[in-house]
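Visitor: sharing a sequence plus its predicted fold:
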Amino acid sequence: MPQLPAPDYPPEVRARLEADAAEIISRYPGARSALLPLLHLVQSEEGHVTRTGMAFCAQQLGLTTAEVNAVATFYTMYRRKPSGDYQVGVCTNTLCAVMGGDAIFETLQEHLGVGNDETTEDGKVTLEHIECNAACDFAPVVMVNWEFFDNQTPESAVRLVDDLRAGREVEPTRGAPVCTFKETARILAGFPDQREGAVAASGGAGPASLVGLRYAKGENPHPRVVHPRPVSGQPEDDAPAPGTGGQSPSAHPSSHDAPQETSASDLAHPAGPAAEEGE
């Protein structure tokens, strides 16, 4: 059956959104370039992109609703149905999966009683598996409303969602304290985070992400992990690896040993399990 025209926003809501939309559109030389932040704006109103929201965007930008719908359905950051205050995304792409992401996702499904892209009965948490959080050096990673929680375990992820549902303040490994999905959408629309200290807390890249930059600058922040073949005529167990001060290869992990927990390799910034490898 053909759908009826989308209902309009109440007059006071529409007036407020029109003022915000005008501010967003003024930032761009071409009005249609403002579509992405406008979709975030309407998402901040209802928690997902509704037909009313898409019609509003089309009217403000002189587009058809089909053009707006094509963009809203392309990007997964736009929700198409009511969802929770907190979008909990578990990375299940290759590296996070083998480091424990699959186990985290399965544990949360059982603990919350929901499947993928489903919301808890209290409306607090929507669980979803996502392909990549672009934080492989902190795997396995969970995101809450696009904020990073690094080096997670099934146990730490359960504590995280329990805190979210209980209304306790949650601080990510890197970034500002978590806010609701609607508040996050408004920030992504281009409006400043008004919470005291939130901007300063955003910080920068984590230390593990900057190792490559230090190498590019000619620094050598970590010793070699994979040692070269032994020198001819020298017993393999006694062959020193260049840059290790004559230390024998047996003092280093081999190329096929299980890796340490990410947090254990960066003791100044612990983010995951406190126990060292082997404990």
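Guide: Sure thing, it's come through.

Visitor: tell me who's in contact with the residue nearest to residue 171 when sequence neighbours are not counted.
Guide: Distance criterion CB to CB, 6 or more residues apart in numbering; nearest residue to residue 171, sequence neighbours excluded, is residue 177 at 5.0 Å. Every residue, glycine included, has its C-beta placed from N, CA and C. Contacts for residue 177 (CB atoms under 8 Å, 6 or more residues apart in numbering) come out as 169, 170, 171, 195, 198, 201.

Visitor: would you turn these into TSV with distance to residue 94 and neighbour count?
Guide: Output for those, formatted as TSV (distance: CB to CB, whole Å; neighbours: other CB atoms under 10 Å):
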residue	distance to residue 94	neighbour count
169	33	8
170	27	19
171	28	12
195	35	13
198	33	16
201	31	15
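
Visitor: could you dump those residues to a markdown table with distance to residue 11?
Guide: Shown next, in a markdown table, are the contacts of residue 177 (distance: CB to CB, whole Å):
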| residue | distance to residue 11 |
| --- | --- |
| 169 | 36 |
| 170 | 36 |
| 171 | 39 |
| 195 | 29 |
| 198 | 32 |
| 201 | 37 |
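
Visitor: my guess is residue 89 is in a helix, correct?
Guide: No. Using DSSP: H, G, I helix; E, B strand; the rest coil, the assignment for residue 89 is strand, not a helix.

Visitor: burial of it, as a residue count?
Guide: For residue 89, the neighbour count with other CB atoms under 10 Å is 21.

Visitor: in this structure it contacts residue 133, no?
Guide: Yes. Under the criterion of CB atoms under 8 Å, residue 89 makes contact with residue 133 at 7.2 Å.

Visitor: what is in contact with those two at once?
Guide: Shared contacts of residue 89 and residue 133 (CB under 8 Å, 6+ apart): residue 143.

Visitor: from the contacts of residue 177, which is closest to residue 76?
Guide: Nearest to residue 76 among the contacts of residue 177, counting by CB to CB, is residue 170 at 22.4 Å.

Visitor: okay, now the unreliable bits of the stretch 1-150 of the chain?
Guide: 1-3 (pLDDT under 70).

Visitor: that one: helices as residue ranges?
Guide: Counting by DSSP state H, counting those that start in this stretch, one finds helices in the stretch 1-150 of the chain at the ranges 11-25, 35-46, 51-61, 65-72, 94-96, 102-112.

Visitor: mind putting those helices in a markdown table, distance to residue 83 included?
Guide: Shown next, in a markdown table, are these (distance: least, CB to CB, whole Å):
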| stretch | distance to residue 83 |
| --- | --- |
| helix 11-25 | 20 |
| helix 35-46 | 10 |
| helix 51-61 | 14 |
| helix 65-72 | 14 |
| helix 94-96 | 22 |
| helix 102-112 | 13 |
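
Visitor: about what we covered before: surely the residue nearest to residue 171 is within a helix?
Guide: No. Counting by three-state DSSP, residue 177 is located in no helix; its state is coil.

Visitor: from residue 90, how far out is it?
Guide: Distance, residue 177 to residue 90, using CB to CB, to the nearest Å: 20 Å.

Visitor: same question for residue 83.
Guide: Separation of residue 83 from residue 90 (CB to CB) stands at 15 Å.
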